[in-house]
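Asker: give me a 3D structure for the following:
(one chain, ligands or ions: 1)
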Amino acid sequence: MKTIDVDGIKVRIQIWDTAGQERYQTITKQYYRRAQGIFLVYDITSERSYQHIMKWASDVDEYAPDGVQKILIGNKADESQKRQVGADQGLKLAKEYGMDFFETSACTNINIKESFTRLTELVLQAHKKELDGLRMYTTDELSIAELNEDDSKQDGSENSPKACWC
Ligand SMILES: Nc1nc2c(ncn2[C@@H]2O[C@H](COP(=O)(O)OP(=O)(O)OP(=O)(O)O)[C@@H](O)[C@H]2O)c(=O)[nH]1
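Answerer: Predicted coordinates for the structure are as follows:
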């Protein structure tokens, strides 16, 4: 659990770091189901890890809920002397998937706060749309209920049952 500040709002987020190894995949996929935001992380010093992103992305498509927010991360930005994956490659892949992209370093804290804040923002935005939609729906329902009530009063008898089928 971690609390972060997004535009002055305190948001409590629960973070799961899933295992990358193949033998844990069955368990890992179970975490996707309840995720609202996902970082797809590769290591900029490993071309192989970059190539693996396609597999992660297709697993996420298959197992994560619709509307899950995703960000592509190229980690170990502090190890640029060992770099095998260019920032342009990361950006290109992120564009293909319609994701934001950050190069980060968990060791030197480069872009860690920024990427968590961005993912939280995206999740909040996605849910705001849902909530707004729900609010509109509820308002429509209420107006219909009010109209029905007014209809029933039109016969002038306040005490008569509101729905009478006989
Ligand atoms: N230089 C550098 N090393 C890092 C960074 N992030 C992680 N490491 C190192 O990379 C190694 C693997 O880190 P993990 O956090 O275990 O990586 P992981 O992807 O969670 O590994 P799995 O759970 O096996 O998938 C460790 O030795 C870390 O210290 C980083 O930003 N920079």
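Asker: that's a strand at I15, yeah?
Answerer: No: assessed with DSSP: H, G, I helix; E, B strand; the rest coil, I15 is coil; it does not lie in a strand.
Asker: which SS class is K113?
Answerer: Per three-state DSSP, the local secondary structure of K113 is helix.
Asker: which residue sits closest to it, ignoring its sequence neighbours?
Answerer: I4 (7.7 Å; Cβ to Cβ, 6 or more residues apart in numbering). Heads up, the C-betas are built off the backbone N, CA and C, glycines and all.
Asker: just confirm the one you found contacts T117, I think it does.
Answerer: Yes: using Cβ atoms under 8 Å, I4 is in contact with T117, at 6.1 Å.
Asker: that older thread, and the residue nearest to K113, what does it touch?
Answerer: K10, V11, I13, K113, F116, T117, T120 (Cβ atoms under 8 Å, 6 or more residues apart in numbering).
Asker: could you report the pLDDT at it?
Answerer: pLDDT, I4: 89.
Asker: for it, give the beta-bridge partners.
Answerer: Here I4 sits in beta bridges with V11, going by DSSP bridges.
Asker: skipping adjacent residues, who's closest to the spatially most central residue of the chain in space?
Answerer: Nearest to the geometric centre of the chain sits Q69, at 2.8 Å (Cα atoms, centre = their mean). Excluding its sequence neighbours, the residue lying closest to Q69 (Cβ to Cβ, 6+ apart) is L122, at 4.0 Å.
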